[in-house]
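Q: here is a sequence together with a model predicted from it:
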Amino acid sequence: MSGVKCISKYKKLFILSAVIGCAFALSGCGRVIHNDYESMRASDSVNPMVTSQTSSVREKSFASGLCLPEDTKSDKLNIETAGLFDLSSRKTLYGNGINKRVFPASTTKLMTALVAIKNGDPNQRIRISERAANPGADAQRLVLDPGDSMSLEQAINYLLVFSANDVAIAIAENIGGSYDGFVEMMNQEARAIGATGTHFTNPHGLHDENHYTTPYDLYLILNEAVKYDLIRKIIPQSGYNTMFVGTNGDSKSIAVNATDAYLTGDVDAPEGITVLGGKTGTTEPAGHCLIILSQNAKGNDYISVVMKTDSLEELYDDMNSLLAEIPN
(Lines give C-alpha, C1' and ligand atoms only; values in the text may rest on other atoms or scores of the structure.)
Protein backbone atom coordinates (compact mmCIF):
# COMPACT_ATOMS: atom_id res chain seq x y z
CA MET A 1 0.00 0.00 0.00
CA SER A 2 2.83 2.37 0.90
CA GLY A 3 4.42 1.58 -2.51
CA VAL A 4 1.23 2.68 -4.33
CA LYS A 5 1.15 5.96 -2.36
CA CYS A 6 4.80 6.57 -3.24
CA ILE A 7 4.13 6.06 -6.98
CA SER A 8 1.11 8.42 -6.81
CA LYS A 9 3.27 11.00 -5.09
CA TYR A 10 5.88 10.84 -7.86
CA LYS A 11 3.18 11.10 -10.54
CA LYS A 12 1.86 14.28 -8.93
CA LEU A 13 5.37 15.74 -8.75
CA PHE A 14 5.99 14.87 -12.43
CA ILE A 15 2.73 16.50 -13.57
CA LEU A 16 3.39 19.60 -11.48
CA SER A 17 6.90 19.93 -12.96
CA ALA A 18 5.52 19.60 -16.49
CA VAL A 19 2.92 22.31 -15.90
CA ILE A 20 5.52 24.68 -14.45
CA GLY A 21 7.85 23.96 -17.37
CA CYS A 22 5.16 24.79 -19.94
CA ALA A 23 4.26 28.01 -18.17
CA PHE A 24 7.92 28.99 -18.06
CA ALA A 25 8.37 28.29 -21.79
CA LEU A 26 5.40 30.45 -22.67
CA SER A 27 6.53 33.40 -20.57
CA GLY A 28 9.96 34.98 -20.14
CA CYS A 29 11.95 32.43 -22.14
CA GLY A 30 9.41 32.45 -24.95
CA ARG A 31 10.80 35.65 -26.51
CA VAL A 32 11.32 34.01 -29.92
CA ILE A 33 7.64 33.09 -30.06
CA HIS A 34 6.44 36.63 -29.37
CA ASN A 35 8.74 38.54 -31.75
CA ASP A 36 7.20 38.79 -35.22
CA TYR A 37 9.13 39.77 -38.35
CA GLU A 38 7.81 43.33 -38.43
CA SER A 39 9.09 44.03 -34.93
CA MET A 40 12.51 42.69 -35.96
CA ARG A 41 12.65 45.03 -38.97
CA ALA A 42 11.48 47.94 -36.82
CA SER A 43 14.59 47.69 -34.65
CA ASP A 44 17.47 50.17 -34.84
CA SER A 45 19.07 48.26 -37.69
CA VAL A 46 17.90 49.15 -41.18
CA ASN A 47 19.46 45.95 -42.47
CA PRO A 48 17.59 43.12 -40.67
CA MET A 49 19.30 40.11 -42.20
CA VAL A 50 18.59 36.56 -41.10
CA THR A 51 20.65 35.70 -38.02
CA SER A 52 19.26 32.29 -37.01
CA GLN A 53 17.21 29.40 -38.29
CA THR A 54 14.22 30.69 -36.30
CA SER A 55 14.56 34.15 -37.84
CA SER A 56 14.77 32.64 -41.32
CA VAL A 57 11.53 30.71 -40.83
CA ARG A 58 9.78 33.81 -39.51
CA GLU A 59 10.99 35.94 -42.41
CA LYS A 60 9.81 33.42 -44.99
CA SER A 61 6.40 33.30 -43.32
CA PHE A 62 6.11 37.10 -43.38
CA ALA A 63 7.23 37.31 -47.00
CA SER A 64 4.83 34.68 -48.31
CA GLY A 65 4.14 35.60 -51.91
CA LEU A 66 7.08 38.04 -52.01
CA CYS A 67 10.70 37.88 -53.05
CA LEU A 68 12.95 37.62 -50.00
CA PRO A 69 15.20 40.54 -48.97
CA GLU A 70 18.47 38.75 -49.63
CA ASP A 71 21.60 39.84 -51.44
CA THR A 72 22.66 37.44 -54.17
CA LYS A 73 26.04 37.10 -55.83
CA SER A 74 26.67 37.19 -59.56
CA ASP A 75 29.85 36.44 -61.47
CA LYS A 76 28.69 38.72 -64.28
CA LEU A 77 27.27 41.72 -62.41
CA ASN A 78 28.62 44.06 -59.79
CA ILE A 79 25.96 46.77 -59.62
CA GLU A 80 25.80 48.45 -56.23
CA THR A 81 22.53 49.24 -54.45
CA ALA A 82 20.40 47.37 -56.96
CA GLY A 83 17.95 44.50 -57.21
CA LEU A 84 16.08 42.36 -59.73
CA PHE A 85 12.90 40.60 -58.58
CA ASP A 86 10.93 37.92 -60.44
CA LEU A 87 7.27 38.48 -59.54
CA SER A 88 6.14 35.16 -61.07
CA SER A 89 8.53 32.82 -59.26
CA ARG A 90 8.88 35.20 -56.27
CA LYS A 91 12.67 35.01 -56.45
CA THR A 92 15.34 37.65 -55.96
CA LEU A 93 17.44 37.16 -59.12
CA TYR A 94 20.01 39.78 -58.17
CA GLY A 95 20.66 41.80 -55.06
CA ASN A 96 23.52 43.98 -53.95
CA GLY A 97 22.89 46.27 -50.99
CA ILE A 98 19.12 45.84 -51.28
CA ASN A 99 18.70 46.46 -47.54
CA LYS A 100 20.97 49.51 -47.55
CA ARG A 101 19.46 52.83 -46.46
CA VAL A 102 19.31 55.28 -49.37
CA PHE A 103 17.56 58.54 -50.21
CA PRO A 104 14.65 57.84 -52.58
CA ALA A 105 14.32 61.24 -54.32
CA SER A 106 11.20 61.23 -56.53
CA THR A 107 10.71 57.46 -56.39
CA THR A 108 8.86 58.61 -53.24
CA LYS A 109 5.95 59.55 -55.51
CA LEU A 110 5.07 55.87 -56.01
CA MET A 111 3.97 55.80 -52.36
CA THR A 112 2.19 59.15 -52.78
CA ALA A 113 0.19 57.70 -55.68
CA LEU A 114 -0.53 54.45 -53.84
CA VAL A 115 -1.84 56.18 -50.71
CA ALA A 116 -3.90 58.62 -52.81
CA ILE A 117 -5.59 55.84 -54.78
CA LYS A 118 -6.31 53.78 -51.67
CA ASN A 119 -7.84 56.73 -49.80
CA GLY A 120 -9.33 58.92 -52.52
CA ASP A 121 -11.72 58.88 -55.45
CA PRO A 122 -10.22 59.32 -58.96
CA ASN A 123 -12.91 61.92 -59.74
CA GLN A 124 -12.55 64.07 -56.63
CA ARG A 125 -11.16 67.59 -57.05
CA ILE A 126 -7.59 68.37 -56.06
CA ARG A 127 -7.22 72.09 -55.41
CA ILE A 128 -3.88 73.88 -55.55
CA SER A 129 -2.98 75.81 -52.40
CA GLU A 130 -0.45 78.61 -52.03
CA ARG A 131 1.99 76.11 -50.57
CA ALA A 132 1.49 73.65 -53.43
CA ALA A 133 1.97 76.39 -56.04
CA ASN A 134 5.35 77.24 -54.50
CA PRO A 135 7.25 73.97 -53.89
CA GLY A 136 10.65 75.63 -54.31
CA ALA A 137 12.48 77.34 -57.12
CA ASP A 138 14.52 74.26 -58.09
CA ALA A 139 11.66 71.75 -57.75
CA GLN A 140 10.20 69.98 -60.77
CA ARG A 141 6.72 71.49 -61.14
CA LEU A 142 3.90 72.30 -63.54
CA VAL A 143 3.84 76.00 -62.50
CA LEU A 144 0.25 75.96 -61.27
CA ASP A 145 -1.61 78.89 -59.73
CA PRO A 146 -3.31 78.86 -56.31
CA GLY A 147 -6.94 78.00 -56.90
CA ASP A 148 -6.34 75.77 -59.94
CA SER A 149 -8.00 72.35 -59.65
CA MET A 150 -8.03 69.00 -61.37
CA SER A 151 -9.30 65.50 -60.67
CA LEU A 152 -7.24 63.13 -58.57
CA GLU A 153 -6.73 60.94 -61.65
CA GLN A 154 -5.31 63.88 -63.60
CA ALA A 155 -3.09 64.79 -60.65
CA ILE A 156 -1.68 61.26 -60.37
CA ASN A 157 -0.89 61.29 -64.09
CA TYR A 158 1.14 64.49 -63.68
CA LEU A 159 2.70 63.08 -60.50
CA LEU A 160 3.99 59.84 -62.03
CA VAL A 161 4.64 60.85 -65.64
CA PHE A 162 6.25 64.26 -65.07
CA SER A 163 7.18 63.93 -61.36
CA ALA A 164 5.52 67.25 -60.48
CA ASN A 165 6.29 68.37 -56.92
CA ASP A 166 3.52 70.97 -56.79
CA VAL A 167 1.02 68.23 -57.61
CA ALA A 168 2.51 65.96 -54.92
CA ILE A 169 1.90 68.64 -52.29
CA ALA A 170 -1.64 69.26 -53.54
CA ILE A 171 -2.47 65.54 -53.41
CA ALA A 172 -1.15 65.34 -49.85
CA GLU A 173 -3.18 68.32 -48.64
CA ASN A 174 -6.42 67.19 -50.29
CA ILE A 175 -6.28 63.46 -49.54
CA GLY A 176 -4.66 63.54 -46.10
CA GLY A 177 -6.68 66.42 -44.70
CA SER A 178 -3.31 68.08 -44.12
CA TYR A 179 0.22 67.80 -45.44
CA ASP A 180 1.52 66.15 -42.26
CA GLY A 181 -1.52 63.89 -42.03
CA PHE A 182 -0.83 62.50 -45.48
CA VAL A 183 2.84 61.89 -44.69
CA GLU A 184 1.77 59.87 -41.67
CA MET A 185 -0.54 57.86 -43.95
CA MET A 186 2.48 57.16 -46.17
CA ASN A 187 4.45 55.83 -43.22
CA GLN A 188 1.50 53.73 -42.06
CA GLU A 189 1.20 52.20 -45.53
CA ALA A 190 4.93 51.48 -45.60
CA ARG A 191 4.66 49.56 -42.34
CA ALA A 192 1.56 47.72 -43.55
CA ILE A 193 3.32 46.31 -46.62
CA GLY A 194 6.50 45.43 -44.71
CA ALA A 195 8.62 48.36 -45.91
CA THR A 196 9.88 49.03 -42.40
CA GLY A 197 13.31 50.23 -43.52
CA THR A 198 11.52 53.29 -44.91
CA HIS A 199 10.59 56.64 -43.38
CA PHE A 200 8.94 59.54 -45.22
CA THR A 201 8.89 63.21 -44.26
CA ASN A 202 7.27 64.55 -47.45
CA PRO A 203 5.20 63.38 -50.46
CA HIS A 204 7.67 64.42 -53.18
CA GLY A 205 11.15 63.21 -52.28
CA LEU A 206 13.04 66.49 -52.02
CA HIS A 207 16.00 65.86 -49.75
CA ASP A 208 15.60 65.40 -46.01
CA GLU A 209 18.04 63.41 -43.85
CA ASN A 210 15.09 61.63 -42.19
CA HIS A 211 13.47 60.73 -45.53
CA TYR A 212 14.88 57.37 -46.62
CA THR A 213 14.14 53.89 -47.92
CA THR A 214 15.93 50.76 -49.16
CA PRO A 215 15.99 49.17 -52.64
CA TYR A 216 14.05 46.21 -51.25
CA ASP A 217 11.40 48.47 -49.74
CA LEU A 218 11.01 50.24 -53.09
CA TYR A 219 10.34 46.85 -54.64
CA LEU A 220 7.63 46.29 -52.04
CA ILE A 221 6.08 49.70 -52.77
CA LEU A 222 6.00 49.28 -56.57
CA ASN A 223 4.81 45.69 -56.20
CA GLU A 224 1.85 46.95 -54.17
CA ALA A 225 1.20 49.96 -56.40
CA VAL A 226 0.90 48.00 -59.65
CA LYS A 227 -1.94 45.97 -58.17
CA TYR A 228 -4.09 49.01 -59.00
CA ASP A 229 -5.31 49.31 -62.60
CA LEU A 230 -5.03 53.10 -62.61
CA ILE A 231 -1.31 52.99 -61.83
CA ARG A 232 -0.81 50.22 -64.41
CA LYS A 233 -2.50 52.49 -66.95
CA ILE A 234 -0.50 55.60 -66.07
CA ILE A 235 3.11 54.44 -65.77
CA PRO A 236 3.72 53.31 -69.41
CA GLN A 237 2.92 56.76 -70.86
CA SER A 238 5.61 58.70 -72.73
CA GLY A 239 3.81 61.96 -71.99
CA TYR A 240 0.58 63.47 -70.73
CA ASN A 241 -1.72 66.36 -71.60
CA THR A 242 -5.11 67.20 -70.10
CA MET A 243 -7.55 70.05 -69.57
CA PHE A 244 -8.14 71.23 -66.01
CA VAL A 245 -9.81 74.19 -64.31
CA GLY A 246 -7.96 77.44 -63.66
CA THR A 247 -8.43 79.85 -60.78
CA ASN A 248 -11.07 81.89 -62.62
CA GLY A 249 -12.94 78.88 -63.96
CA ASP A 250 -11.16 78.98 -67.31
CA SER A 251 -9.75 75.84 -68.94
CA LYS A 252 -6.02 75.26 -68.75
CA SER A 253 -3.79 72.65 -70.37
CA ILE A 254 -0.18 71.65 -69.72
CA ALA A 255 1.59 69.04 -71.88
CA VAL A 256 4.51 67.15 -70.33
CA ASN A 257 6.96 64.42 -71.33
CA ALA A 258 7.85 61.42 -69.20
CA THR A 259 11.04 61.54 -67.13
CA ASP A 260 11.83 57.87 -67.93
CA ALA A 261 14.17 57.55 -70.94
CA TYR A 262 12.82 54.09 -71.77
CA LEU A 263 9.34 55.55 -72.26
CA THR A 264 10.48 58.51 -74.35
CA GLY A 265 12.53 56.25 -76.62
CA ASP A 266 15.89 57.76 -75.67
CA VAL A 267 17.09 54.43 -74.24
CA ASP A 268 16.29 50.94 -75.57
CA ALA A 269 15.77 47.95 -73.29
CA PRO A 270 17.48 44.64 -74.13
CA GLU A 271 15.85 42.51 -76.83
CA GLY A 272 12.75 40.68 -75.62
CA ILE A 273 12.18 43.03 -72.65
CA THR A 274 9.29 45.49 -72.53
CA VAL A 275 9.48 48.30 -69.97
CA LEU A 276 6.01 48.91 -68.53
CA GLY A 277 6.99 51.99 -66.54
CA GLY A 278 8.03 52.91 -63.05
CA LYS A 279 9.57 55.98 -61.44
CA THR A 280 12.72 58.03 -61.75
CA GLY A 281 14.32 60.15 -59.05
CA THR A 282 17.24 62.55 -58.85
CA THR A 283 18.69 64.77 -56.15
CA GLU A 284 22.34 65.47 -55.39
CA PRO A 285 22.39 63.36 -52.18
CA ALA A 286 20.31 60.54 -53.73
CA GLY A 287 22.11 60.45 -57.07
CA HIS A 288 20.20 59.08 -60.05
CA CYS A 289 17.55 56.47 -59.20
CA LEU A 290 15.18 54.30 -61.21
CA ILE A 291 12.71 51.54 -60.42
CA ILE A 292 10.72 49.88 -63.20
CA LEU A 293 8.23 47.14 -63.95
CA SER A 294 9.04 45.15 -67.08
CA GLN A 295 7.96 41.98 -68.90
CA ASN A 296 9.85 39.33 -70.79
CA ALA A 297 8.68 37.74 -74.06
CA LYS A 298 6.59 35.22 -72.09
CA GLY A 299 4.65 38.00 -70.35
CA ASN A 300 6.19 37.44 -66.91
CA ASP A 301 6.60 40.54 -64.69
CA TYR A 302 9.85 41.73 -63.11
CA ILE A 303 10.75 44.68 -60.91
CA SER A 304 14.26 46.11 -61.12
CA VAL A 305 15.76 48.94 -59.12
CA VAL A 306 19.02 50.87 -59.37
CA MET A 307 19.86 53.62 -56.87
CA LYS A 308 22.52 56.27 -56.31
CA THR A 309 24.42 56.32 -59.61
CA ASP A 310 26.63 59.27 -60.51
CA SER A 311 25.10 59.92 -63.94
CA LEU A 312 22.09 59.14 -66.11
CA GLU A 313 24.30 57.18 -68.48
CA GLU A 314 25.49 54.95 -65.64
CA LEU A 315 21.91 54.59 -64.39
CA TYR A 316 20.56 53.22 -67.67
CA ASP A 317 23.67 51.13 -68.37
CA ASP A 318 23.26 49.47 -64.99
CA MET A 319 19.52 49.01 -65.49
CA ASN A 320 20.05 47.41 -68.90
CA SER A 321 22.60 45.06 -67.35
CA LEU A 322 19.94 43.98 -64.85
CA LEU A 323 17.26 43.62 -67.54
CA ALA A 324 19.63 41.47 -69.61
CA GLU A 325 19.53 38.93 -66.76
CA ILE A 326 15.80 38.36 -67.26
CA PRO A 327 15.21 34.98 -68.95
CA ASN A 328 13.26 34.94 -72.21
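A: Structure's in. What do you need?

Q: buried sites along the helix or strand containing residue 306?
A: Here residue 306, judged by DSSP states H and E, is contained in strand 301-309. Across strand 301-309, burial judged by 16 or more other C-beta atoms under 10 Å covers 302, 303, 304, 305, 306, 307, 308, 309. From N, CA and C alone the C-beta is placed, and that goes for glycine too.

Q: which outside residues touch that strand?
A: Applying C-beta atoms under 8 Å, 6 or more residues apart in numbering, the contact partners of strand 301-309 are 79-88, 93, 98, 102-104, 215, 218-219, 222-223, 226, 276, 278, 286-296, 315, 318-319, 322-323, 326.

Q: show me the two of the buried residues of strand 301-309 that sit farthest apart.
A: Maximum pairwise distance among these (C-beta to C-beta): 20.7 Å, between 302 and 308.

Q: so which residue is dead centre in this protein?
A: The chain has residue 221 as the residue nearest its centroid, 2.4 Å off, counting by C-alpha atoms, centre = their mean.

Q: OK, contacts around that one?
A: 110, 111, 114, 190, 193, 195, 198, 213.

Q: quick check, nearest of the residues you listed to residue 182?
A: residue 111 (10.3 Å).

Q: just the strands in the stretch 201-328 of the chain please.
A: Applying DSSP state E, counting those that start in this stretch to the stretch 201-328 of the chain gives strands spanning 239-245, 251-257, 274-283, 287-295, 301-309.

Q: redo those as JSON lines? Include distance to residue 132 and mean pLDDT.
A: As requested, those are exported to JSON lines (distance: least, C-beta to C-beta, whole Å; pLDDT from 0 to 100):
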{"stretch": "strand 239-245", "distance to residue 132": "13", "mean pLDDT": "97"}
{"stretch": "strand 251-257", "distance to residue 132": "15", "mean pLDDT": "97"}
{"stretch": "strand 274-283", "distance to residue 132": "20", "mean pLDDT": "98"}
{"stretch": "strand 287-295", "distance to residue 132": "24", "mean pLDDT": "98"}
{"stretch": "strand 301-309", "distance to residue 132": "27", "mean pLDDT": "98"}
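
Q: between those, which gets nearest to residue 75?
A: Between residue 75 and the strands of the stretch 201-328 of the chain, the shortest separation by C-beta to C-beta is 18.7 Å, and it involves strand 301-309.

Q: hmm, who's touching stretch 254-261?
A: By C-beta under 8 Å, 6+ apart, stretch 254-261 touches 106, 140, 142-143, 158, 161-164, 237-242, 264, 267, 275, 277-280, 290, 292, 312, 316.

Q: list the buried residues in stretch 319-328.
A: Buried residues in stretch 319-328 (16+ other C-beta under 10 Å): 319, 320, 321, 322, 323, 325, 326.

Q: go on, stretch 181-200?
A: 182-183, 185-187, 189-190, 193-200.

Q: pLDDT averaged over it - what is it?
A: In this model, stretch 181-200 has a mean pLDDT of 97.

Q: much appreciated, bye for now.
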